[in-house]
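Novice: Model the structure of this input:
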Amino acid sequence: MQLIQYQNINKMKTRILSIIATVVVVLGITNLSYAAPVNSNFVTTLSGISAISKIEIHGNVELFISDGPADQVKVYNKYYSESALVQSANGVLRITSYNPEKLIVWVTANDLRSVSAYDNAEVKSFGNLSKIEFNVELHNNASANLNLDAFSANVTVADHAKADLSGTANEYNLTQNVSSSVNNYNFKADHFTEKRISFPAEKADDNIVEL
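Specialist: Numbers count the residues shown, from 1 in each chain. Predicted coordinates for the structure are as follows:
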């Protein structure tokens, strides 16, 4: 009788562990799917693009960037049927789209060193970005959500742009406009310098006259 009870208990334990393992796997897959750039039936992998050191985005673009052994550019929209532009020259990848629907692009790069965003463009890191030196420039209403592990991080946030940074850096240099927004709460740096820029006096006077 005791042997049967012991076997039943072991069977119950095995079933419980199997259920827990299944739930963990399902949750892991769910989290991964939410972390991935996008789930789309329209994916265009652009060929002939390599040695990307800088990315510049304009308009209504959502850019995901990640580290990788080889450079790759994927566009998650009907790229060729839209008035979108992706160009690569001299290590600079330029992405532009002013369509109402966001142009979603995922760039994997081996030696990306700089990202600039304008208009309503968004930049997001997909995973941790490990860099020796990394430069970020945000203008207009652009935004960035980046997880960095850098020796030197130089961040410029102008106009009404927003930056949300996490990770670490040995040296962190921030240049910020008074109307911009920067969240450094989860970003740790050994050496931090900050420079705040206000509107020029003549521009401020013009604004007062217009009011």
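Novice: measure the residue most central in space within the chain to L63 for me?
Specialist: The residue lying closest to the centre of the chain (Cα atoms, centre = their mean) is K124, at 1.2 Å. As judged by Cβ to Cβ, to the nearest Å, K124 and L63 stand 7 Å apart. C-betas here are computed from N, CA, C, even on glycine.
Novice: Likewise for T156?
Specialist: Remark: distance between T156 and L63 (Cβ to Cβ) = 17 Å.
Novice: ditto for N154
Specialist: Noted for N154: a distance of 19 Å to L63, by Cβ to Cβ.
Novice: Between those two, which has more neighbouring residues?
Specialist: The neighbour comparison of N154 against L63 (other Cβ atoms under 10 Å) goes to L63, with 24 against 18.
Novice: ok now do the residue nearest to the centre of the chain, which residues does it touch?
Specialist: Neighbour list for K124: 62-65, 144-146 [criterion: Cβ atoms under 8 Å, 6 or more residues apart in numbering].
Novice: let's see 6 Å
Specialist: For K124, the contact set (Cβ atoms under 6 Å, 6 or more residues apart in numbering) comprises 64, 145.
Novice: could you list every residue that touches Q72?
Specialist: By Cβ under 6 Å, 6+ apart, the residues touching Q72 are T108.
Novice: Render the CA-only coordinates of stretch 173-192 in CSV, please.
Specialist: Provided in CSV are the C-alpha atoms of stretch 173-192 (Å, rounded to 0.1, in the frame of the first residue of the first chain):
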residue,chain,number,x,y,z
ASN,A,173,28.4,62.9,-21.9
LEU,A,174,24.9,64.4,-22.2
THR,A,175,23.9,67.6,-24.1
GLN,A,176,20.3,68.4,-23.5
ASN,A,177,17.9,71.1,-24.6
VAL,A,178,15.7,72.6,-21.9
SER,A,179,12.6,71.4,-23.6
SER,A,180,13.8,67.9,-24.2
SER,A,181,13.4,64.9,-21.8
VAL,A,182,16.0,62.4,-20.6
ASN,A,183,15.5,59.5,-18.3
ASN,A,184,18.8,58.3,-16.8
TYR,A,185,17.4,56.5,-13.8
ASN,A,186,18.5,53.0,-14.9
PHE,A,187,21.7,54.2,-16.6
LYS,A,188,24.9,54.1,-14.5
ALA,A,189,28.1,55.9,-15.4
ASP,A,190,31.5,56.2,-13.7
HIS,A,191,32.0,59.7,-15.1
PHE,A,192,29.1,61.9,-16.1
